[in-house]
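1. Mind looking at a prediction? Sequence and model below.
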Amino acid sequence: MSLSEDMTAMGRRARASAEILRSAPAEQRSAAIRAAAAELRASAANILAANAEDVAAASALVDRLRLDESRVEAIAASLEEVAALPDPVGAETERWRRPSGLDIARVRTPIGVIGMIFESRPNVTADAAAICLRSGNALILRGGSDALRSCLAIHRAIAAGIGQTGLPVDSVQIVPTADRAAVGLMLGGLDGAIDLIIPRGGKALVARVEAEARVPVLGHLEGICHTYLHASADPEMAEAIVVNAKMRRVSVCGATETLLVDRAAAAVLLPRIAHALRERGCALRGDEESRRLAGGIEPAQEADWTAEYLAPILAVRIVDGPEEAVGHIRRYGSGHTEAIVAADAAAAEAFLNAVDSAIVMWNASTQFADGGEFGFGAEIGIATGRLHARGPVGPEQLTTFKYVVRGTGQVRG
């Protein structure tokens, strides 16, 4: 069979599986996720061997790609967290009675078949599978060529777990080739099989998906995240938050890429924070004023304000109060995650209200922009658009709804 025929057949199997998942009991789907977690642990040696081959061939973003025993265990544990979450399928979000006597309920229902196109991160294979099973959706995965061996090994474990519970093994499928033509076929919808495409990767991937997709897209754009230090920020807290927000893991989308410092406190805050960052190997690129206040800062270019570095590099800018900080974020941000560090509650609340990003934080590191930290067990991505879902996408965000109307013989006059 040709690739096109193979992919179309994959879509048909996914659609058939989605119809079974839609009415499968919650406990059966939970059992499938738990069994997948157990198979991941049992297959850890095979997964790590496959991952070692991927890492050896990789030329970039190795931190995102590399797995070890602790990361495999963390993936399995996150699946168990997803299995323990309340099941969203069939949950009533609202119910009311009309003067006509009709009883109307808004009820969560699966979207159907999800197509997931992603790069570099093998754990997405497991996270997406668990979230889709929890929300009653079938899933077709297409991972990047740099992580293909790892993703296939993880998928084998997941499929083995699903098969133990009587659910269709085709509930979660993966494209077994690095052929880029597979992406185009998925964007075409596979003859109507795919209901929603979720891209997770670099700007070029997301731009291609949004430009070419013939089905709805749940976008995950760049993580150009900002931390703003208000004039009232406690210096010790500000240092701890900024260092963590930038340096805990530089390659995650929730890493702070631009630091905005209030001019009124910059002389106190910036030198100590710049020193702490440089000690940890972070390069700084700043505007003229920040360079005067702290040593070791290279000149920033216009492109630095829109850079998602995913590296130990931080852009620094001095701003004249909250209004200018919000203006900078509106102009250069990607709508992902922004944080304010402030002791002034009124200033913080004003910032939280004014900034229209998917996640806004007060006195916390932007590295908390993560589905697991939000209590979702895992995430399928951080949605930066304004429709359907925003922020970490967990099981609830992968449902839509229908209206269930119960009557007693009413007819409309």
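-> Received the coordinates, thanks.
2. Regarding the residue nearest to residue 110 when sequence neighbours are not counted, what are the backbone dihedral angles?
-> Nearest residue to residue 110, sequence neighbours excluded (CB to CB, 6 or more residues apart in numbering): residue 136, at 3.6 Å. Using the backbone N, CA and C atoms, a C-beta is placed for each residue, glycine as well. Torsion angles at residue 136 (phi, psi; degrees, to the nearest 10) stand at phi 80, psi 20.
3. go on, residue 34?
-> The phi/psi pair for residue 34 (degrees, to the nearest 10) reads phi -60, psi -40.
4. And for residue 318?
-> Note on residue 318: its backbone torsions stand at phi -90, psi 130 [degrees, to the nearest 10].
5. Let me see the backbone angles for residue 305.
-> Backbone torsions of residue 305, given as degrees, to the nearest 10, read phi -70, psi -20.
6. check contacts around the residue nearest to residue 110.
-> Counting by CB atoms under 8 Å, 6 or more residues apart in numbering, residue 136 touches 18, 21-22, 24, 29, 89, 109-110, 399.
7. Now do the lowest-mean-pLDDT helix or strand in the chain: everything it contacts.
-> Within the chain, no helix or strand scores below helix 62-65, which has a mean of 82 by mean pLDDT, DSSP states H and E. By CB under 8 Å, 6+ apart, the residues outside helix 62-65 that reach it are 51, 54-55, 58, 120-122, 146-147, 150, 249-251.
8. Quickly name whichever of those residues is closest to residue 286.
-> Within the contacts of helix 62-65, the smallest distance to residue 286 is 17.8 Å, found for residue 250 (CB to CB).
9. Count the neighbours of residue 292 for me.
-> For residue 292, the count of nearby residues is 14 (other CB atoms under 10 Å).
10. Next: the one 5 residues further on.
-> Residue 297 has 23 neighbouring residues, counting by other CB under 10 Å.
11. Just confirm it contacts residue 286, I think it does.
-> Yes: taking CB atoms under 8 Å as the definition, residue 297 is a contact partner of residue 286 at 4.2 Å.
12. Pull up the overlap in contacts between these two.
-> The contact sets of residue 297 and residue 286 overlap at residue 316 (CB under 8 Å, 6+ apart).
13. contacting residues around the residue most central in space within the chain?
-> Nearest to the mean C-alpha position of the chain, counting by CA atoms, centre = their mean, stands residue 381 at 1.8 Å. By CB under 8 Å, 6+ apart, residue 381 lies in contact with 198, 200, 218, 220, 392-393.
14. Nearest to residue 114, out of the residues you listed: which one, please.
-> Distances from the contacts of residue 381 to residue 114 were compared by CB to CB; the smallest belongs to residue 198, at 6.3 Å.
15. State the distance from the closest one to residue 247.
-> In this structure, residue 198 and residue 247 are 29 Å apart, going by CB to CB, to the nearest Å.
16. Comparing those two, which residue is more hemmed in?
-> Just comparing residue 198 and residue 247: by other CB under 10 Å the higher neighbour count belongs to residue 198, 24 against 18.
17. Does that one touch residue 113 like I think?
-> No: between residue 198 and residue 113 there is no contact under CB under 8 Å: 11.6 Å.
18. Closest one to residue 348 out of the contacts of residue 136, please.
-> Closest approach between the contacts of residue 136 and residue 348, by CB to CB: residue 399, at 32.5 Å.
19. and the closest residue to that closest one other than its chain neighbours, what does it touch?
-> Nearest residue to residue 399 in three dimensions, chain neighbours excluded: residue 108, at 4.3 Å (CB to CB, 6+ apart). Counting by CB under 8 Å, 6+ apart, residue 108 touches 88-93, 396, 399-401.
20. And residue 34, by the same measure?
-> 79-80, 83, 161.
21. May I ask which two of those are separated the most?
-> For these, the farthest-apart pair by CB to CB is 80 and 161; their separation is 11.6 Å.
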